[in-house]
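Trainee: turn this into a model:
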Amino acid sequence: MTVLNRLYASSGSEVIIETLEISVGAQTYWLTRGYEDITVTIEDGSSRTFTACGIDIALPARNADGTQDLKFAISNVEGIVSTAIRSALSELSSASLTYRCYVSDDLSAPAMTPYTLAIKSGFWTATEVQITAGYMNVLDTAWPRFRYTLPFAPGLRYIA
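Mentor: Residues are numbered from 1 along each chain as shown. Below is the predicted model of the structure:
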């Protein structure tokens, strides 16, 4: 049993540290839940410092319904991240998020494979920002992507 599985099942001396890398256009925000900033090594071997903030993360459900969304709320006291995400959502520019999970005893690599998701929607109030990010929605995607319609393939009319 891995340390991460043991921590999810019970407790121990270690702590699970959740981090978010939010990329909005050319700007990147490195955030973690808690009261102290942490410096960790990400999967490419470089070192990053995540800024502590009031953040709450709800991981995607492991199910087969096709919409696996990660939801998170960030304190909007300073308004920095909310302003960037608001402009990204209003301009429909690219915004993504990477969720990484570390165990406090080993900050040299993520404890599990990071999730990289596209930011889909969000709303904000004076005190918080709530964002939904997810994978590509498979249920709303047509297959095959190239559609054989009558204008393209008129011979379809005679197939019965």
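Trainee: show me the shaky parts of this structure.
Mentor: For the chain, the stretches with pLDDT under 70 are 1, 63-67, 76-82, 84-93, 136-144, 159-160.
Trainee: all the helices of it, residue numbers only.
Mentor: 3-9, 80-91 (DSSP state H).
Trainee: excluding chain neighbours, what is closest to I119?
Mentor: A95 (4.0 Å; C-beta to C-beta, 6 or more residues apart in numbering). C-beta coordinates here come from the backbone N, C-alpha and C atoms, glycine included.
Trainee: and Y99, by the same measure?
Mentor: That would be Y115: by C-beta to C-beta, 6+ apart, it lies 4.4 Å from Y99.
Trainee: pull the contacting residues for I38.
Mentor: The contact partners of I38, by C-beta atoms under 8 Å, 6 or more residues apart in numbering, come to 17, 19, 32, 49-50, 52, 102, 107.
Trainee: in strands, which of these appear?
Mentor: Here DSSP state E is the test, and the contacts of I38 give 17, 19, 32, 49-50, 52, 102 as lying in strands.
Trainee: between those residues, which is closest to Y148?
Mentor: Relative to Y148, the closest of the ones in strands among the contacts of I38 is T19; by C-beta to C-beta it sits at 45.7 Å.
Trainee: was I right about the closest one contacting W30?
Mentor: Yes. Contact criterion C-beta atoms under 8 Å: T19 and W30 qualify, at 7.2 Å.
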